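> Could you look at this predicted model? Sequence included:
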Amino acid sequence: MPAKFARLSALAAVSACALALGIGPGQRPLAAQPGDAPADCASGNGGLTLPPGFCATVFADNLGHARHLTVASDGTVYVNTWHSPDYFPNNPAPGGGFVVALKDRDGDGVADVTERFGSTVRKGGQGGTGIALWQGAVYAEEGGTVVRYKLTPGQMAPVGTPELVLSGLVMGGDHPMHPFVIDPAGTLLVNSGSASNTCESPNRQPGAKGADPCIEQQTRGGIWAYSADKLGQVFSPAERWATGIRNTGGMALDASGRVYATQHGRDQLSQNWPALYTGEQGAGLPAEILFSPFKGADFGWPTCYYDPAQGRHVLAPEYGGDGGKMQGRCADKTPPVAGFPAHWAPNDVAIHGGKGFPAAYAGGAFVAFHGSWNRAPAPQDGYLVAFQPLSGGKASGPWIRFADGFAGEYREPGRAAHRPAGLAVGPDGALYIADDVRGTIWRVTYHGTPNAPLTEAPRAPVKSALTTGNPFTGGPPPVPPGSSADEVALGQRIYFGEAKGGTCAGCHGSDGRGSSAGGSLTGPSYQWSDGSVAGLAATITAGVAKPKKASGGMPALGGTALDPADVRAVAAYVWTLGHSR
């Protein structure tokens, strides 16, 4: 890693990512000013901040965990929702089918007709992410399958049972979702995300080496191609279309049929390799990317990652990398189209044709960022929709913050009010944004001049997590028997990633109340011990291979290089979370 980049602060690292690829001096877009919303916008824009001239309405709410969506030529919006008790232990799925059809019949920007169809919890269903319209049918991911519902003209929801298009999609591991897209020729391109961070064993453990060759890549870490008009297909290694993709958050097509996709970049460079990467480098690497996959493309995972400051792929430490200087076998990996700040989790992409929006948006990509969990020691970030201008398949300028305000007071997984998960463009050019926390859908329209320049939305204000003192009262935290205030203070610094590369707050929340990635630490009951400092320390030391009420396990020592004194300090601070109110 160049010395210049090594000296970047966390905020500078974020800025470096934001300016990656095709961004020159003087190109930064204008900043929006308060009060720029048109007079005919709905009050408050549904809680969002937007560039001047744009309006948002809450098109629908409380749909369940809404993931991807698509819009028919008559304006009917189809949304795929999903539920897993591991991710949402305290939030049951709504009744009815997981696929939702929505229609705004009176033109006020709010859906007034809602119909559900598809699998249900009662029948053992769980829904999914991927959804598309093709040849008069709705295609939807359901568990490890893609099914097809034939539509009847004039009816929103289909009648009858679905047809099985594809089965055998691999589930489990770090990335069990299957976004997909169908191109004009009827090719069904479906994601199969990685089961691990970098194909290392044990997963996410300091110093763990990557498997070489990575057998996981036979069925994970890429895009597979099938036929949308053929029933009864079965997923297999033979249909792999593009590889080296850790997890495709979403895919979209432009007017020429070119495919665009987003990738969730790898995690924990500094936590797993502290001798090679500073905490600030870990927060800023690697770039989240927008890329254009094609048959035979290789985007580098797991052996390589994309460094935005260098503008190239470099060798991952699990495969002999030296902290970002060595490129080796990564020199020939397919480059991305654009880069974004690290760990923001891009969950979908939509290409805008330009209708109804200013000309500057024509052909460009909207990207929905689900939000980070592991940017320590930098603040968590993302939880927004960005816009990347494109021309001829390449970035034609810097990305801008298009919509913000989703998270509410706190940008972190366990406390965010909403997290952008899906995007779609309607026939009139309206942009639809789906949230998978509460199941909210926003509809964004434009009411300004047609030739307005790209202008950033104001950054929504958020509260900073309390990283010192009692997280509930602000006073000094209690001290457990046998511990000291200094030990608790050290544990709190590790918990928040201010020391030893800790990632505890990212999964368990700044208040310890948990998130989809990690359970609550506030008691009064504990899943793995009696809640004593010694019991908590034993759990941290051993890790949790198979969690009881969370989506992912915890590696031993939390995936960081903690010594016994560090572990006891973290355990002492975690004890305070259950004794602070």
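Structure received.
> Which strand or helix spans the residue sitting furthest away from the middle of the chain?
What lies farthest from the middle of the chain is residue 482; by Cα atoms, centre = their mean that is 41.0 Å. For residue 482, there is no host helix or strand (DSSP states H and E).
> That one: what's it in contact with?
residue 533 (Cβ atoms under 8 Å, 6 or more residues apart in numbering). For every residue, glycine as well, the C-beta is placed using N, CA and C.
> One more pass at 6 Å, please.
Neighbour list for residue 482: empty [criterion: Cβ atoms under 6 Å, 6 or more residues apart in numbering].
> Next: residue 425.
By Cβ under 6 Å, 6+ apart, the residues touching residue 425 are 350, 352, 431.
> these two touch, right, residue 352 and residue 359?
No - between residue 352 and residue 359 there is no contact under Cβ atoms under 6 Å: 10.8 Å.
> So between these two, which is more surrounded?
Using other Cβ atoms under 10 Å, the more surrounded residue of residue 352 and residue 359 is residue 352, with 21 against 11.
> who's in contact with that one?
Taking Cβ under 6 Å, 6+ apart, one finds 361, 364, 425 in contact with residue 352.
> Quick check: the residue lying closest to it once chain neighbours are set aside vs residue 387, distance?
Excluding the flanking residues, the one nearest residue 352 by Cβ to Cβ, 6 or more residues apart in numbering is residue 361, at 5.0 Å. Using Cβ to Cβ, to the nearest Å, residue 361 is found at 7 Å from residue 387.
> Between these two, which is the more surrounded one?
Higher neighbour count among residue 361 and residue 387: residue 387, with 26 against 23, using other Cβ under 10 Å.
> where do the strands sit along the stretch 401-550 of the chain?
According to DSSP state E, counting those that start in this stretch, the stretch 401-550 of the chain carries its strands in the segments 420-425, 431-435, 441-446, 455-456.
> The third one packs against which elements?
Counting by 3 or more Cβ pairs under 6 Å, 6 or more residues apart in numbering; DSSP states H and E, the packing neighbours recorded for strand 441-446 are strand 54-60, strand 431-435.
> and if you look at the second one?
Using 3+ Cβ pairs under 6 Å, 6+ apart as the contact criterion, the neighbours of strand 431-435 among helices and strands are strand 65-71, strand 420-425, strand 441-446.
> Just the element for residue 565, please.
Secondary structure assignment for residue 565, by DSSP H and E: helix 564-577.
> and if you look at residue 116?
Assignment of secondary structure by DSSP H and E places residue 116 within strand 113-117.
> Tell me which helix or strand comes right after that strand.
Counting by DSSP H and E, the element after strand 113-117 in chain order, helix or strand, is strand 131-134.
> Check which element follows that following strand along the chain.
strand 137-142.
> contacting residues around residue 248?
Contacts for residue 248 (Cβ under 6 Å, 6+ apart) come out as 179, 191, 261.
> Next up, the contacts around the residue nearest to the spatial centre of the chain.
By Cα atoms, centre = their mean, the chain has its centre lying nearest to residue 345, at 3.0 Å. The contact partners of residue 345, by Cβ under 6 Å, 6+ apart, come to 264, 370.
> can we see that at 8 Å?
Residues near residue 345 by Cβ under 8 Å, 6+ apart: 249, 264, 288, 369-372, 382.
> repeat for residue 243
Residues near residue 243 by Cβ under 8 Å, 6+ apart: 217, 221-223, 297-299.
> Let me know the closest of these to residue 489.
Taking Cβ to Cβ as the measure, residue 489 sits nearest to residue 221 out of the contacts of residue 243, at 41.0 Å.
> ok, the closest one touching residue 197?
No - checked against Cβ atoms under 8 Å, the pair residue 221 and residue 197 is beyond contact range at 11.1 Å.
> So which of those two has more stuff around it?
The neighbour comparison of residue 221 against residue 197 (other Cβ under 10 Å) goes to residue 221, with 27 against 23.
> Can you tell me how far that one is from residue 331?
20 Å.
> Assess the claim that residue 578 and residue 521 are in contact.
Yes - if you go by Cβ under 8 Å, residue 578 and residue 521 touch, sitting 6.8 Å apart.
> Now for those two: what residues contact both?
The contact sets of residue 578 and residue 521 overlap at residue 512 (Cβ under 8 Å, 6+ apart).
> And those two? Which one has more around it.
Taking neighbours as other Cβ under 10 Å, residue 578 and residue 521 compare with residue 521 leading, 23 against 19.
> May I have the residues that are in contact with that one?
By Cβ under 8 Å, 6+ apart, residue 521 lies in contact with 508, 512-514, 574, 577-578.
> just the buried members of these?
Among the contacts of residue 521, the ones that count as buried by 16 or more other Cβ atoms under 10 Å are 508, 512-514, 574, 577-578.
> mind putting these in JSON lines, pLDDT included?
Shown next, in JSON lines, are these (pLDDT from 0 to 100):
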{"residue": "508", "pLDDT": "87"}
{"residue": "512", "pLDDT": "85"}
{"residue": "513", "pLDDT": "84"}
{"residue": "514", "pLDDT": "82"}
{"residue": "574", "pLDDT": "91"}
{"residue": "577", "pLDDT": "89"}
{"residue": "578", "pLDDT": "85"}
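> what's the closest of those residues to residue 75?
residue 514 (38.9 Å).
> My guess is the closest one contacts residue 527. True?
No - contact between residue 514 and residue 527 fails when scored by Cβ under 8 Å: they sit 10.9 Å apart.
> anything in contact with each of those two?
Counting by Cβ under 8 Å, 6+ apart, no residue touches both residue 514 and residue 527.
> re the thing from before, so which of the contacts of residue 345 belong to strands?
Mapping the contacts of residue 345 onto strands (DSSP state E) picks out 249, 288, 369.
> Flag the least confident of the residues you listed.
Among the ones in strands among the contacts of residue 345, residue 249 carries the lowest pLDDT, at 94.
> so who does that one touch?
The contact partners of residue 249, taken as Cβ under 8 Å, 6+ apart, are 179, 261-264, 345-349, 368, 370.
> again, 7 Å this time
Counting by Cβ atoms under 7 Å, 6 or more residues apart in numbering, residue 249 makes contact with 179, 262-264, 346-348.
> Check residue 145 too.
164, 166-167, 169.
> wait, which of these is closest to residue 315?
Nearest to residue 315, judged by Cβ to Cβ, of these is residue 169 at 30.5 Å.
> Any chance of the contacts of residue 145 in a markdown table with neighbour count and secondary structure as columns?
Shown next, in a markdown table, are these (neighbours: other Cβ atoms under 10 Å; DSSP: H, G, I helix; E, B strand; the rest coil):
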| residue | neighbour count | secondary structure |
| --- | --- | --- |
| 164 | 15 | strand |
| 166 | 27 | strand |
| 167 | 15 | strand |
| 169 | 24 | coil |
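> Looking at those, which is nearest residue 144?
Residue 144 has its nearest neighbour among those in residue 169, at 4.2 Å by Cβ to Cβ.
> surely that closest one meets residue 235?
Yes - here residue 169 lies in contact with residue 235, judged by Cβ atoms under 7 Å, at a distance of 5.1 Å.
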